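K.L.:
build me a model:
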Amino acid sequence: MKVVRLTPELVVTDIQATIDFYTKILGFELTNSEGGENLVWANVMWPNTEIGFMFMTPQSMGDEIEEFRAKNIDASVVQYIEIEGLDEFYDKIKDKVEIVADKHETFYGSIEFSIKDNSGYVLMFSERK
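P.N.:
Residues are numbered from 1 along each chain as shown. Coordinates of the predicted model:
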């Protein structure tokens, strides 16, 4: 077995608003979507990387995995994203997002900050120093 990629699939109530947040604020690119005006699934990727997310509505996820029909959407998992150019990225988005942990140095020598996306998911951006 060879693992090729890990792409979190996040359940969100408004896929278009989520696409807008990830593309217009964070700089991801929309690579694919399904459902036309009533989107049920979308995929975004960070340009020139293998970092991406998929988004599904609660209904479409429930159709695929029945257990999800009774689940609430919440941010119980942090998406940890290691980048280069953290200071520039922080300056670009800091006034457009909800910062839940401001920029700080960790005990393991990285600089990090965390934000919430429009659905409440936490994204932690980190750069090794």
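K.L.:
so where do the strands sit in the protein?
P.N.:
Here the chain has its strands, by DSSP state E, at 9-11, 29-34, 41-45, 52-56, 78-82, 98-105, 110-116, 122-128.
K.L.:
show me the domain layout of this protein.
P.N.:
The chain breaks down into these domains under automatic domain parsing: 1-69, 74-129.
K.L.:
possible to save the ones you listed as JSON lines with mean neighbour count and mean pLDDT?
P.N.:
For every residue, glycine as well, the C-beta is placed using N, CA and C. As requested, the domains of the chain are exported to JSON lines (neighbours: other CB atoms under 10 Å; pLDDT from 0 to 100):
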{"stretch": "domain 1-69", "mean neighbour count": "14", "mean pLDDT": "90"}
{"stretch": "domain 74-129", "mean neighbour count": "14", "mean pLDDT": "93"}
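K.L.:
can I get the strands of the chain in JSON lines with distance to F68?
P.N.:
Putting those into JSON lines (distance: least, CB to CB, whole Å) gives the following:
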{"stretch": "strand 9-11", "distance to F68": "7"}
{"stretch": "strand 29-34", "distance to F68": "17"}
{"stretch": "strand 41-45", "distance to F68": "13"}
{"stretch": "strand 52-56", "distance to F68": "9"}
{"stretch": "strand 78-82", "distance to F68": "19"}
{"stretch": "strand 98-105", "distance to F68": "25"}
{"stretch": "strand 110-116", "distance to F68": "21"}
{"stretch": "strand 122-128", "distance to F68": "20"}
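K.L.:
out of these, flag the one nearest K2.
P.N.:
strand 52-56 (18.6 Å; CB to CB).
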